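Undergrad: kindly return the folded structure for what I paste below:
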Amino acid sequence: MNSSNTEGILLVATGSKHREEAIKSVDYIKPHLNSRPITLVTDKPSDIPKGLFDTVKLHPNPKKTYRDKIEPLETLPYPRTIFLDCDLQLLQPIDDIFKLLFHIDLVGCHAPVRWCQWKDPNVPEGFCEINSGVIGLKKSRRQRLLIRKWLHFYDEIKVPFDQASLRSALWWSSRKHRLRLWVLPPEYNLRTPKPWLAGSGMAVKILHGRIIEDMKEPLIKYLNEDIDQFRSSSEFPTGQNQEVKKNIQFTNT
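TA: Sure thing, here's the model as predicted:
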């Protein structure tokens with residue numbers, strides 16, 4: 001990997017709980033970055049151990065809400081930046097996401113819950129929410145306008161979660177500025193708090209959710225030891241807060 005720092009990772013953590021999680025997350029993501037740098041934006045840079053991150057920046061306007069992750073995305077630290085939540089682990093290299101960002105403005109995965117609290121009536125139903133915990137962004141005028149619109153919608157809608165406003169901003173940017181959006185398969189953002197399914201033929205690259213340590217190793221083995229089979233939470237429950245109903249009965253008529 002060259003040292004020009006054209007590609008890298010962005011983390012945002014405000015509040016002591018999330019700062020601690022960001023510090024711990026380095027061990028879970030750095031081994032698969034192929035020497036790419038990590039930038040952290042936080043409300044207390046002085047609480048971050050020296051040398052742990054390549055760059056530590058002061059958050060410009062911390063609110064300790066979901067809004068905190070949006071504002072730093074306007075000024076990206078790298079021409080091709082992948083934003084990651086702090087409660088996830090990389091299981092495979094993610095070089096191919098950076099390759100997509102040569103040609104795509106934003107990449108992400110669908111959220112398992114398609115709507116949360118509020119649904120914009122102006123957006124087609126099939127244009128589902130994108131999970132905001134793993135987002136690849138190409139630095140550009142389109143990207144800056146998208147983030148500004150996202151902030152505007154977030155403040156206007158007043159829904160505490162950030163994905164409803166992201167959905168509206170993505171639809172607006174796609175129509176107004178021809179934002180190029182690509183939806184990745186769930187293996188790039190496997191959300192363990194919800195029922196999940198990993199497709200046959202692909203390893204899980206990003207495991208996203210707070211899982212007890214004793215479960216991690218057997219779960220990763222289940223996910224990626226034999227990728228030719230489908231893997232699901234029905235076979236390996238991860239403490240998901242919603243379950244697939246199993247009392248369905250079929251009758252012949």
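
Undergrad: look up how far residue 6 lies from residue 171.
TA: The gap separating residue 171 from residue 6 is 29 Å, by Cβ to Cβ, to the nearest Å. From N, CA and C alone the C-beta is placed, and that goes for glycine too.

Undergrad: just the strands in this structure please.
TA: 7-13, 38-42, 55-58, 80-84, 88-90, 106-109, 134-138, 181-184, 190-191, 197-198, 206-208, 231-232 (DSSP state E).

Undergrad: and stretch 57-64, what's buried?
TA: For stretch 57-64, burial by neighbour count (16 or more other Cβ atoms under 10 Å) applies to 57, 59, 62.

Undergrad: show me the contacts for the second one.
TA: Residue 59 makes contacts with 12, 14, 41-43, 68, 71-72, as judged by Cβ atoms under 8 Å, 6 or more residues apart in numbering.

Undergrad: for this structure, give me the ranges with low pLDDT.
TA: 1-4, 244-253 (pLDDT under 70).

Undergrad: still on that earlier bit, turn the buried residues of stretch 57-64 into CSV, including distance to residue 215.
TA: Supplementary listing: the buried residues of stretch 57-64 in CSV, determined by distance: Cβ to Cβ, whole Å:
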residue, distance to residue 215
57, 34
59, 32
62, 32
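
Undergrad: just give me the closest of those to residue 81.
TA: For residue 81, the nearest member of the buried residues of stretch 57-64 is residue 57. The distance, counting by Cβ to Cβ, is 12.9 Å.

Undergrad: the closest one and residue 142: what is the separation?
TA: Residue 57 sits at a distance of 23 Å from residue 142 (criterion: Cβ to Cβ).

Undergrad: straight-line length of stretch 168-185, end to end?
TA: In terms of Cα to Cα, to the nearest Å, the two terminal residues of stretch 168-185 are separated by 21 Å.

Undergrad: now tell me what touches that stretch from outside.
TA: Counting by Cβ under 8 Å, 6+ apart, the neighbours of stretch 168-185 from elsewhere in the structure are 97, 100, 103-110, 120, 122-124, 127, 130, 141-142, 145-147, 149-150, 152-153, 157, 199, 202.

Undergrad: in the protein, which helix is the longest?
TA: The residue-count maximum for a helix in the chain (DSSP state H) belongs to helix 141-157.

Undergrad: just the CA coordinates of that one, formatted as CSV?
TA: Taking only C-alpha atoms (Å, rounded to 0.1, in the frame of the first residue of the first chain), the coordinates of helix 141-157 have been written out as CSV:
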residue,chain,number,x,y,z
ARG,A,141,-18.9,18.1,-4.3
ARG,A,142,-21.7,15.5,-4.5
GLN,A,143,-20.5,14.0,-1.3
ARG,A,144,-20.4,17.4,0.5
LEU,A,145,-23.9,18.3,-0.7
LEU,A,146,-25.2,14.9,0.4
ILE,A,147,-23.9,15.3,3.9
ARG,A,148,-25.2,18.9,4.2
LYS,A,149,-28.6,17.7,3.1
TRP,A,150,-28.4,14.8,5.6
LEU,A,151,-27.7,17.2,8.4
HIS,A,152,-30.6,19.4,7.3
PHE,A,153,-33.1,16.5,7.2
TYR,A,154,-31.8,15.2,10.5
ASP,A,155,-32.4,18.5,12.2
GLU,A,156,-35.7,19.1,10.5
ILE,A,157,-37.2,15.6,11.1
